[in-house]
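[1] after the sequence you'll find the predicted model.
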Number of protein chains: 2
Amino acid sequence: MTKPAPLLQGTLDLIVLQMLRAEPTNGYDLAQRIQTVSRDVLHVNAGSLYPALYRLEERGLVHAAWKETDTGRRARVYSLTAAGRKHLAAQRAEWERFAGALSTILKRA
Amino acid sequence: MTKPAPLLQGTLDLIVLQMLRAEPTNGYDLAQRIQTVSRDVLHVNAGSLYPALYRLEERGLVHAAWKETDTGRRARVYSLTAAGRKHLAAQRAEWERFAGALSTILKRA
DNA sequence: TAGCACTAGTTTGTCTAGATATATAGACGG
DNA sequence: CCGTCTATATATCTAGACAAACTAGTGCTA
(Lines give C-alpha, C1' and ligand atoms only; values in the text may rest on other atoms or scores of the structure.)
Protein backbone atom coordinates (compact mmCIF):
# COMPACT_ATOMS: atom_id res chain seq x y z
CA MET A 1 0.00 0.00 0.00
CA THR A 2 1.34 3.35 -1.00
CA LYS A 3 0.99 5.91 1.70
CA PRO A 4 -1.75 8.50 1.31
CA ALA A 5 -0.58 11.51 -0.65
CA PRO A 6 -0.69 14.99 0.79
CA LEU A 7 -3.30 17.07 -0.95
CA LEU A 8 -2.30 19.47 -3.64
CA GLN A 9 -2.83 22.93 -2.31
CA GLY A 10 -5.99 24.37 -3.66
CA THR A 11 -7.85 21.12 -3.99
CA LEU A 12 -9.12 20.78 -0.45
CA ASP A 13 -11.90 23.32 -0.90
CA LEU A 14 -13.01 21.60 -4.04
CA ILE A 15 -13.08 18.21 -2.36
CA VAL A 16 -14.94 19.47 0.69
CA LEU A 17 -17.57 21.30 -1.33
CA GLN A 18 -18.09 18.31 -3.56
CA MET A 19 -18.55 15.98 -0.61
CA LEU A 20 -20.99 18.35 1.06
CA ARG A 21 -22.98 18.65 -2.11
CA ALA A 22 -23.87 14.99 -1.80
CA GLU A 23 -24.83 15.23 1.84
CA PRO A 24 -24.38 17.64 4.78
CA THR A 25 -22.25 16.20 7.50
CA ASN A 26 -19.72 17.01 10.20
CA GLY A 27 -15.97 17.44 9.97
CA TYR A 28 -14.92 14.13 11.36
CA ASP A 29 -17.21 12.17 9.11
CA LEU A 30 -16.10 14.25 6.16
CA ALA A 31 -12.48 13.30 6.67
CA GLN A 32 -13.40 9.63 6.91
CA ARG A 33 -15.49 9.73 3.79
CA ILE A 34 -12.88 11.44 1.71
CA GLN A 35 -10.41 8.76 2.60
CA THR A 36 -12.88 5.98 1.96
CA VAL A 37 -14.26 7.31 -1.28
CA SER A 38 -10.76 7.88 -2.66
CA ARG A 39 -9.78 4.38 -1.58
CA ASP A 40 -7.15 5.72 0.78
CA VAL A 41 -5.40 7.76 -1.86
CA LEU A 42 -6.49 11.05 -0.34
CA HIS A 43 -5.93 11.75 3.29
CA VAL A 44 -7.26 14.88 4.94
CA ASN A 45 -5.64 16.05 8.10
CA ALA A 46 -8.02 17.28 10.80
CA GLY A 47 -5.75 20.25 11.32
CA SER A 48 -6.14 21.14 7.67
CA LEU A 49 -9.81 20.35 7.42
CA TYR A 50 -11.21 22.50 10.20
CA PRO A 51 -9.43 25.69 9.20
CA ALA A 52 -10.62 25.02 5.65
CA LEU A 53 -14.19 24.69 6.87
CA TYR A 54 -13.91 27.97 8.77
CA ARG A 55 -12.61 29.70 5.68
CA LEU A 56 -15.46 28.31 3.63
CA GLU A 57 -17.95 29.38 6.27
CA GLU A 58 -16.48 32.85 6.44
CA ARG A 59 -16.80 33.18 2.69
CA GLY A 60 -20.41 32.10 2.88
CA LEU A 61 -19.88 28.93 0.87
CA VAL A 62 -20.95 26.56 3.59
CA HIS A 63 -23.30 26.87 6.50
CA ALA A 64 -22.55 25.37 9.89
CA ALA A 65 -25.04 24.32 12.53
CA TRP A 66 -24.63 22.55 15.84
CA LYS A 67 -26.57 19.34 15.92
CA GLU A 68 -26.71 16.05 17.68
CA THR A 69 -25.23 13.13 15.84
CA ASP A 70 -27.05 9.81 15.91
CA THR A 71 -24.71 8.76 18.69
CA GLY A 72 -25.97 11.64 20.79
CA ARG A 73 -22.88 13.82 20.49
CA ARG A 74 -22.74 17.46 19.58
CA ALA A 75 -21.21 18.11 16.20
CA ARG A 76 -21.08 20.92 13.70
CA VAL A 77 -22.95 19.86 10.62
CA TYR A 78 -21.88 21.62 7.46
CA SER A 79 -24.01 22.10 4.40
CA LEU A 80 -23.58 23.83 1.05
CA THR A 81 -25.06 27.27 0.55
CA ALA A 82 -26.30 28.50 -2.80
CA ALA A 83 -23.09 30.46 -3.20
CA GLY A 84 -21.18 27.32 -2.32
CA ARG A 85 -22.95 25.37 -5.01
CA LYS A 86 -22.04 28.03 -7.53
CA HIS A 87 -18.47 28.17 -6.36
CA LEU A 88 -18.22 24.41 -6.57
CA ALA A 89 -19.26 24.46 -10.20
CA ALA A 90 -16.61 27.06 -10.99
CA GLN A 91 -13.94 25.16 -9.11
CA ARG A 92 -14.81 21.94 -10.86
CA ALA A 93 -14.53 23.61 -14.23
CA GLU A 94 -11.17 25.05 -13.32
CA TRP A 95 -9.91 21.74 -12.10
CA GLU A 96 -10.93 20.10 -15.33
CA ARG A 97 -9.21 22.76 -17.37
CA PHE A 98 -6.08 22.43 -15.33
CA ALA A 99 -6.00 18.65 -15.22
CA GLY A 100 -6.65 18.54 -18.94
CA ALA A 101 -3.80 20.90 -19.71
CA LEU A 102 -1.38 19.06 -17.48
CA SER A 103 -2.46 15.78 -18.93
CA THR A 104 -1.72 17.12 -22.40
CA ILE A 105 1.78 18.10 -21.35
CA LEU A 106 2.44 14.74 -19.77
CA LYS A 107 1.31 12.91 -22.87
CA ARG A 108 3.69 14.75 -25.19
CA ALA A 109 6.32 12.42 -26.59
CA MET B 1 -10.52 33.61 -23.68
CA THR B 2 -10.42 32.59 -20.05
CA LYS B 3 -7.48 33.97 -18.22
CA PRO B 4 -4.59 31.59 -17.58
CA ALA B 5 -5.03 29.67 -14.36
CA PRO B 6 -2.54 29.87 -11.53
CA LEU B 7 -0.66 26.62 -11.07
CA LEU B 8 -1.65 24.28 -8.32
CA GLN B 9 1.09 24.20 -5.76
CA GLY B 10 3.21 21.16 -6.19
CA THR B 11 2.75 20.77 -9.91
CA LEU B 12 5.43 23.17 -11.09
CA ASP B 13 8.29 20.73 -10.55
CA LEU B 14 6.43 18.09 -12.46
CA ILE B 15 5.77 20.40 -15.38
CA VAL B 16 9.32 21.70 -15.52
CA LEU B 17 10.87 18.25 -15.39
CA GLN B 18 8.52 16.98 -18.06
CA MET B 19 9.33 19.87 -20.37
CA LEU B 20 13.05 19.43 -19.86
CA ARG B 21 12.79 15.76 -20.59
CA ALA B 22 11.80 16.63 -24.14
CA GLU B 23 14.59 19.14 -24.64
CA PRO B 24 17.07 21.12 -22.51
CA THR B 25 16.44 24.82 -22.61
CA ASN B 26 16.63 28.03 -20.59
CA GLY B 27 14.18 29.49 -18.13
CA TYR B 28 12.66 32.08 -20.33
CA ASP B 29 12.00 29.70 -23.16
CA LEU B 30 10.62 27.17 -20.72
CA ALA B 31 7.97 29.59 -19.52
CA GLN B 32 6.95 30.39 -23.09
CA ARG B 33 6.70 26.76 -24.04
CA ILE B 34 4.61 25.79 -21.08
CA GLN B 35 2.12 28.46 -21.98
CA THR B 36 2.10 27.51 -25.64
CA VAL B 37 1.90 23.77 -25.15
CA SER B 38 -0.98 24.16 -22.70
CA ARG B 39 -2.75 26.48 -25.11
CA ASP B 40 -2.58 29.34 -22.63
CA VAL B 41 -4.25 27.41 -19.86
CA LEU B 42 -1.09 27.22 -17.77
CA HIS B 43 0.89 30.32 -17.03
CA VAL B 44 4.21 30.15 -15.21
CA ASN B 45 5.39 33.20 -13.38
CA ALA B 46 9.11 34.01 -13.65
CA GLY B 47 9.15 34.56 -9.91
CA SER B 48 7.92 31.02 -9.42
CA LEU B 49 9.96 29.43 -12.17
CA TYR B 50 13.44 30.55 -11.23
CA PRO B 51 13.21 29.61 -7.57
CA ALA B 52 11.82 26.26 -8.70
CA LEU B 53 14.77 25.75 -11.04
CA TYR B 54 17.20 26.56 -8.24
CA ARG B 55 15.50 24.08 -5.97
CA LEU B 56 15.64 21.41 -8.65
CA GLU B 57 19.29 22.14 -9.30
CA GLU B 58 20.11 21.99 -5.63
CA ARG B 59 18.41 18.64 -5.37
CA GLY B 60 20.43 17.38 -8.33
CA LEU B 61 17.39 16.83 -10.51
CA VAL B 62 18.43 19.26 -13.21
CA HIS B 63 21.81 20.43 -14.40
CA ALA B 64 22.44 24.05 -15.35
CA ALA B 65 25.10 25.31 -17.70
CA TRP B 66 25.82 28.74 -19.09
CA LYS B 67 25.67 28.68 -22.84
CA GLU B 68 25.23 30.98 -25.76
CA THR B 69 21.81 30.95 -27.29
CA ASP B 70 21.44 31.03 -31.04
CA THR B 71 20.95 34.78 -30.75
CA GLY B 72 24.37 35.04 -29.14
CA ARG B 73 23.13 35.76 -25.65
CA ARG B 74 24.26 34.10 -22.43
CA ALA B 75 21.63 31.95 -20.84
CA ARG B 76 21.45 29.17 -18.32
CA VAL B 77 20.45 26.02 -20.13
CA TYR B 78 18.80 23.42 -17.95
CA SER B 79 18.78 19.72 -18.62
CA LEU B 80 17.48 16.67 -16.80
CA THR B 81 19.87 14.56 -14.80
CA ALA B 82 19.45 10.83 -14.34
CA ALA B 83 18.02 11.49 -10.89
CA GLY B 84 15.68 14.02 -12.44
CA ARG B 85 14.43 11.48 -14.90
CA LYS B 86 13.74 9.07 -12.09
CA HIS B 87 12.06 11.72 -10.02
CA LEU B 88 9.90 12.72 -12.96
CA ALA B 89 8.59 9.19 -13.32
CA ALA B 90 7.67 9.10 -9.64
CA GLN B 91 5.99 12.50 -9.79
CA ARG B 92 4.02 11.50 -12.83
CA ALA B 93 2.77 8.40 -11.11
CA GLU B 94 1.75 10.37 -8.07
CA TRP B 95 -0.06 12.94 -10.17
CA GLU B 96 -1.99 10.21 -11.89
CA ARG B 97 -2.97 8.64 -8.63
CA PHE B 98 -4.09 11.95 -7.25
CA ALA B 99 -5.92 13.12 -10.35
CA GLY B 100 -7.61 9.75 -10.61
CA ALA B 101 -8.81 9.86 -7.03
CA LEU B 102 -10.09 13.39 -7.33
CA SER B 103 -11.77 12.55 -10.58
CA THR B 104 -13.54 9.68 -8.88
CA ILE B 105 -14.85 11.98 -6.19
CA LEU B 106 -16.04 14.53 -8.69
CA LYS B 107 -17.90 11.92 -10.69
CA ARG B 108 -19.90 10.66 -7.74
CA ALA B 109 -23.55 11.44 -8.13
C1' DT C 1 23.61 57.73 -32.37
C1' DA C 2 19.94 58.19 -29.28
C1' DG C 3 16.08 55.99 -27.91
C1' DC C 4 13.20 52.06 -27.35
C1' DA C 5 11.55 47.44 -27.07
C1' DC C 6 12.59 42.89 -26.32
C1' DT C 7 15.12 38.98 -24.25
C1' DA C 8 17.24 36.75 -20.26
C1' DG C 9 17.57 36.37 -15.65
C1' DT C 10 17.41 37.86 -10.66
C1' DT C 11 15.57 39.53 -6.34
C1' DT C 12 12.47 40.75 -2.73
C1' DG C 13 8.42 40.94 -0.27
C1' DT C 14 3.93 39.15 0.64
C1' DC C 15 0.33 35.88 1.15
C1' DT C 16 -2.24 31.51 1.09
C1' DA C 17 -3.03 27.30 2.78
C1' DG C 18 -1.74 22.58 4.06
C1' DA C 19 1.16 19.81 7.62
C1' DT C 20 2.14 18.84 12.15
C1' DA C 21 1.35 18.69 16.76
C1' DT C 22 -1.21 19.27 20.61
C1' DA C 23 -5.26 20.29 23.55
C1' DT C 24 -9.89 19.60 25.07
C1' DA C 25 -13.96 16.99 26.17
C1' DG C 26 -17.88 13.78 25.95
C1' DA C 27 -19.31 8.80 25.04
C1' DC C 28 -18.65 4.06 25.38
C1' DG C 29 -16.64 -0.51 26.24
C1' DG C 30 -14.12 -3.45 29.19
C1' DC D 1 -12.31 4.21 36.06
C1' DC D 2 -9.24 3.84 32.41
C1' DG D 3 -8.34 3.89 27.58
C1' DT D 4 -9.94 4.56 23.11
C1' DC D 5 -12.94 6.64 19.76
C1' DT D 6 -15.38 10.68 18.22
C1' DA D 7 -15.15 15.50 17.40
C1' DT D 8 -13.65 20.17 17.41
C1' DA D 9 -10.12 23.65 18.05
C1' DT D 10 -5.84 26.18 17.48
C1' DA D 11 -0.88 27.58 17.32
C1' DT D 12 3.32 27.14 14.79
C1' DC D 13 5.86 25.90 10.71
C1' DT D 14 6.74 25.64 5.94
C1' DA D 15 6.56 25.43 0.83
C1' DG D 16 5.87 27.77 -2.80
C1' DA D 17 3.02 30.92 -5.80
C1' DC D 18 2.63 35.65 -7.23
C1' DA D 19 3.53 40.61 -8.18
C1' DA D 20 6.65 43.88 -9.18
C1' DA D 21 10.71 45.97 -9.93
C1' DC D 22 15.35 45.67 -11.40
C1' DT D 23 19.80 44.69 -14.20
C1' DA D 24 21.94 44.13 -18.41
C1' DG D 25 22.71 43.02 -23.09
C1' DT D 26 20.98 43.18 -27.86
C1' DG D 27 19.27 44.96 -31.87
C1' DC D 28 16.08 47.77 -34.52
C1' DT D 29 14.83 52.17 -36.20
C1' DA D 30 14.23 56.97 -36.63
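    Happy to help now that I have it. Keep in mind that this is a model prediction, so the values were computed, not measured. Numbering: from 1, shown residues only, chains lettered A, B, ... in the order given.
[2] what's the single longest helix in chain A?
    What stands out as the longest helix in chain A, according to DSSP state H, is helix A:82-107.
[3] pull the distance from it to the chain's centre.
    With CA atoms, centre = their mean, to the nearest Å as the basis, helix A:82-107 stands 14 Å off its chain's centre.
[4] now do the same for the residue most central in space within chain A: its pLDDT.
    With distances taken as CA atoms, centre = their mean, residue A:16 lies nearest the centre of chain A, 1.5 Å away. Turning to residue A:16, the model gives it a pLDDT of 94.
[5] so which residues of chain A form helices?
    Residue ranges of the helices in chain A, as given by DSSP H, are A:12-22, A:27-37, A:46-58, A:82-107.
[6] which one of the ones you listed lies nearest to DNA strand C?
    Closest approach to DNA strand C among these (CB to the nearest atom of the strand): helix A:46-58, 2.2 Å. In this view, the C-beta of every residue, glycine as well, is placed from N, C-alpha and C.
[7] the closest one and DNA strand C, are they touching?
    Yes - using CB under 7 Å from any atom of the strand, helix A:46-58 reaches DNA strand C at A:46, A:47, A:48, A:51, A:52, A:55.
[8] looking at these, which is nearest residue B:78?
    The nearest member of the residues of helix A:46-58 next to DNA strand C to residue B:78, counting by CB to CB, is residue A:48 at 33.2 Å.
[9] give the contact list for the residue nearest to that closest one when sequence neighbours are not counted.
    In space, and not counting its chain neighbours, residue A:48 is closest to residue A:12: 6.4 Å by CB to CB, 6 or more residues apart in numbering or on different chains. Neighbouring residues of residue A:12 by CB atoms under 8 Å, 6 or more residues apart in numbering or on different chains: A:44, A:48, A:49, A:52.
[10] among the residues you listed, the buried ones, what's the PyMOL command?
    Burial among the contacts of residue A:12 is assessed by 16 or more other CB atoms under 10 Å in any protein chain shown; the matching PyMOL selection reads:
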select buried, chain A and resi 44+49+52
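[11] any chance of the contacts of residue A:12 in CSV with distance to residue A:24 as columns?
    Formatted as CSV, the contacts of residue A:12 follow (distance: CB to CB, whole Å):
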residue, distance to residue A:24
A:44, 17
A:48, 20
A:49, 15
A:52, 16
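[12] low-confidence stretches in chain A?
    For chain A, the stretches with pLDDT under 70 are A:1-5, A:109.
[13] residues of it that sit close to chain B?
    Residues of chain A lying near chain B by CB under 8 Å from any CB of the partner chain: A:2, A:5, A:8-11, A:14-15, A:18-19, A:22, A:34, A:37-39, A:41-42, A:92, A:94-95, A:97-106, A:108-109.
[14] from these, which would you call buried?
    Buried by 16+ other CB under 10 Å: A:5, A:8, A:10-11, A:14-15, A:18-19, A:34, A:37-38, A:41-42, A:94-95, A:97-99, A:101-102, A:105-106, out of these.
[15] in chain A, what residue comes closest to DNA strand D?
    Nearest residue of chain A to DNA strand D, counting by CB to the nearest atom of the strand: residue A:27, 2.8 Å away.
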